[in-house]
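Participant: Give me a model of this one.
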Amino acid sequence: MAIKNNQVISMQYELKVNGNLIESNLDGDSIEFVFGSGDIVPGLEARIIDMNEGESKDIKVPAIEAYGNYDENLSEIVPIEEFKGIDLQIGMILEGENENGELFKATVSDVTKENVTVDYNHPLAGNDLDFKIVINKIV
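Facilitator: Here you go, the predicted structure:
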């Protein structure tokens with residue numbers, strides 16, 4: 001039985017970017033999500049619709065259908081004084097709230113004596129995603 005909207009999918013996966021393993025649950029518990037609800041990467045969801053229970057597949061999702069292309073305009077230089085009490089490290093993920101109270105994450109990409117460069121792009125933006133997918137159950 002192929003996947004349809006609003007069905008609960010139990011799935012295992014492995015995610016690689018440029019040949020590097022990012023995460024995997026192939027040796028662990030499946031994840032569950034409702035197909036069509038936007039809970040997984042759009043390009044992945046579009047590519048598993050024809051899969052059946054028990055099927056496995058290697059899937060490449062282009063960056064634009066995953067976390068989007070990298071946008072240099074989503075980087076900002078902020079005075080270091082705004083980070084008092086934080087031991088800033090390059091690669092550190094910061095969490096905050098915007099003016100509307102919405103949560104966001106940013107990655108520290110540079111630290112100088114005066115400024116901190118923060119990047120609001122998703123850490124995987126600009127990367128094609130290589131998945132190995134196993135559909136365990138469709139309900």
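Participant: Below-threshold pLDDT in this structure: ranges please.
Facilitator: Applying pLDDT under 70 to the chain flags residues 1.
Participant: I'd like the domain boundaries of it, if you could list them.
Facilitator: Following automatic domain parsing, one finds the domains of the chain at 8-68+125-138, 72-119.
Participant: buried stuff in stretch 9-18?
Facilitator: For stretch 9-18, burial by neighbour count (16 or more other C-beta atoms under 10 Å) applies to 9, 10, 11, 12, 13, 14, 15, 16, 17. The C-beta positions use only the backbone N, C-alpha and C, and glycine is treated the same way.
Participant: Quick check: the gap between the third one and residue 73.
Facilitator: Which is residue 11. 34 Å (C-beta to C-beta, to the nearest Å).
Participant: Apart from its neighbours in sequence, what residue is nearest residue 130?
Facilitator: Distances taken as C-beta to C-beta, 6 or more residues apart in numbering place residue 16 nearest to residue 130, at 4.4 Å, with adjacent residues excluded.
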